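> Sequence below, structure please.
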Amino acid sequence: MWRENSCLKPKPLTRVAPVPNKQTMAHAPHKPLPKKLHIKTFGCQMNAYDSERMAEALQPQGYDLTHDPAEADLVILNTCHIREKAAEKVYSELGRMRLTKEHRKERGLDTLITVAGCVAQAEGNEIIARAPAVDIVVGPQSYHRLAHLVEEATATGKGLVATEFPAEEKFAHLPERPKGKARASAFVTVQEGCDKFCTFCVVPYTRGAEFSRAPAEIIAEVEGLAGRGVREVTLLGQNVNAYHGRLPDGSSWTLARLLRRLAEIPAIERLRYTTSHPLDMDEELIALFGEEPKVMPYLHLPFQSGADRILAAMNRKHTAAQYEALIAKVRQARPDIALSTDIIVGFPGETDADFEETLALAARARFAQAFSFKYSARPGTPAAALEGQVPEAVKRERLHAVQSLLDRDRHAFDRASIGRSLDVLFEGRGRKPGQIGGRSPYLQAVHAEGPETLIGQIAAVDILAASPNSLTGVIKSGFEWRGPVQAAV
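Below you'll find the model as predicted:
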């Protein structure tokens, strides 16, 4: 799988204009020929998780993953609709996929093109109208039906659109995670959708209302991942700290209770969660940072703007002072915690004074990591109709200013790691020959010379240097470094 970083009613399965020349590859009577699947993922970690589950759902149909779309019988673009450029990237990619499909057709090979994810949910039939080479459009709550949709599109030669909303049905029908060795870290979706209705955000319209998976279902998935070698699990949700998974007796667990239970799984050594909303950071969850060593000292907590007037226009339901009081409590529970955030600049009506308040809050907070964006009007959201849209040049200037501040604080946090010993979970080869790479408890990328036998394990690393995007160190362990090792087969 390859990954790149409007208020619409849900629509039923819909047939649209026929798409000619569907897959006609001959199959042996008892042993189908192998088929190739290429998935390109746009956007957030939840989309990365969804892409993994789509690939797993298609494995029983004989699809093996490929990095090369030119050899793929089925191409899936798993899309993001948060910002305008993200959606336009999808259409640019569809133009390239159309050419690939035509070239394969000239060689007598057929290709199915699928658009999945939030752009699929938001635009539905419009995607096939705009890009007729697309065969299947499937929303994020309907991808458990993907194998059926592929079979039907292949058999009928008709484009299909499936954008139903019930999250319960999806999780009930997804296959079990496959057996075999897995990567050292994994994502697990525990909550989807959002009921906050921030005026700039499409999530309530593309992912639906808040839904939490049952605790037993999540525990079983994480235990299965642990058995496959996973050592770190990140729990995902559009508003993950609003998790309220129901038990059979009708009671529910909070996210803190779920984390405590997952920490009891011996092989799971690290737990994280993202993305959180300030309104749902309760005392139990805050205390967990100081009480449960498996919960990593990293919290992504967006504040979006430091100006109360803009926060009210965004419908964030908290003030700047309340946000600062909250992160002070978090730091009291875990003084070394790395805080991360999201910031939007150029929201409609934002003045220079409003922006200065955002800069001031960011400076006081000293974020270890942050993601800042120019406001992008999304069709159907309330903010798109607001007066006082900020000129693009002003948004560009403000984005540069806030990113300069955030980069300064991020580099300062990383430089403070020099001379420390950090536990690093190694996940793969490093950036140079002979190196392996992984993540610190603070989610920093760390590279060190070491044998590939350490991949999938945690080792203490003395940090020697900090570059713009990673740390470099020396592994503190009993093995003797003897130079480059043979690549694992």
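
> Identify the residues contacting the host helix or strand of E93?
Following DSSP states H and E, the helix or strand that holds E93 is helix 84-106. Applying CB atoms under 8 Å, 6 or more residues apart in numbering, the external contacts of helix 84-106 come out as 4, 21, 40, 42-43, 69-70, 75, 77, 79-81, 110-111, 113, 115, 119, 123, 130-131, 133-134, 376-378. For glycine as for every other residue, the C-beta is placed from the backbone atoms N, C-alpha and C.

> Can you tell me which of these end up in helices?
Under the assignment DSSP state H, these contribute V119, E123, R130 to helices.

> out of those, which one sits closest to R429?
Closest approach between those and R429, by CB to CB: V119, at 33.1 Å.

> Skipping its backbone neighbours, what lies nearest that closest one in space?
Of all residues beyond its chain neighbours, the one nearest V119 is T79 (3.7 Å), with distances taken as CB to CB, 6 or more residues apart in numbering.

> from what I can see that neighbour touches I39, true?
No: look at T79 against I39 with CB atoms under 8 Å: they stay out of range, at 11.3 Å.

> got the residue ranges for the helices in the stretch 351-489 of the chain?
Assigned by DSSP state H, counting those that start in this stretch, the stretch 351-489 of the chain shows helices spanning 352-365, 392-415.

> Could you check the angle the shortest one makes with helix 392-415?
Same thing as helix 352-365. On the basis of axes from the mean of the first three to the mean of the last three CA atoms, to 10 degrees, helix 352-365 is oriented at 10 degrees to helix 392-415.

> Would you mind pulling up the elements that helix 352-365 packs against?
helix 308-314, helix 320-333, strand 338-345, helix 392-415 (3 or more CB pairs under 8 Å, 6 or more residues apart in numbering; DSSP states H and E).

> So which of these has the densest surroundings on average?
strand 338-345 (a mean of 22; mean count of other CB atoms under 10 Å).

> Need the residues that contact that strand.
Contacts of strand 338-345 (CB under 8 Å, 6+ apart): 200, 275, 297-305, 314, 327, 330-331, 355, 358, 362, 365-375, 395, 398-399, 402, 406, 413, 442-444.

> try stretch 242-255
The contact list for stretch 242-255 (CB under 8 Å, 6+ apart) reads 190-191, 194-195, 210, 212-216, 218, 235, 237, 240-241, 258, 261, 273, 277, 280, 282, 284-285.

> you'd agree V190 is up against I218?
Yes: using CB under 8 Å, V190 is in contact with I218, at 5.4 Å.

> what's the overlap in contacts for those two?
The contact sets of V190 and I218 overlap at L235, G245, L258 (CB under 8 Å, 6+ apart).

> Flag the shaky bits of the protein, pLDDT-wise.
Where the chain drops to pLDDT under 70, the residues are 1-33, 84, 167-168, 477-489.

> ok, now with 50
Where the chain drops to pLDDT under 50, the residues are 1-31, 480-489.

> Can you give me the neighbour number for I265?
I265 has 18 neighbours, counted by other CB atoms under 10 Å.

> What about P60, how many residues nearby?
Per other CB under 10 Å, the neighbour tally for P60 reads 10.
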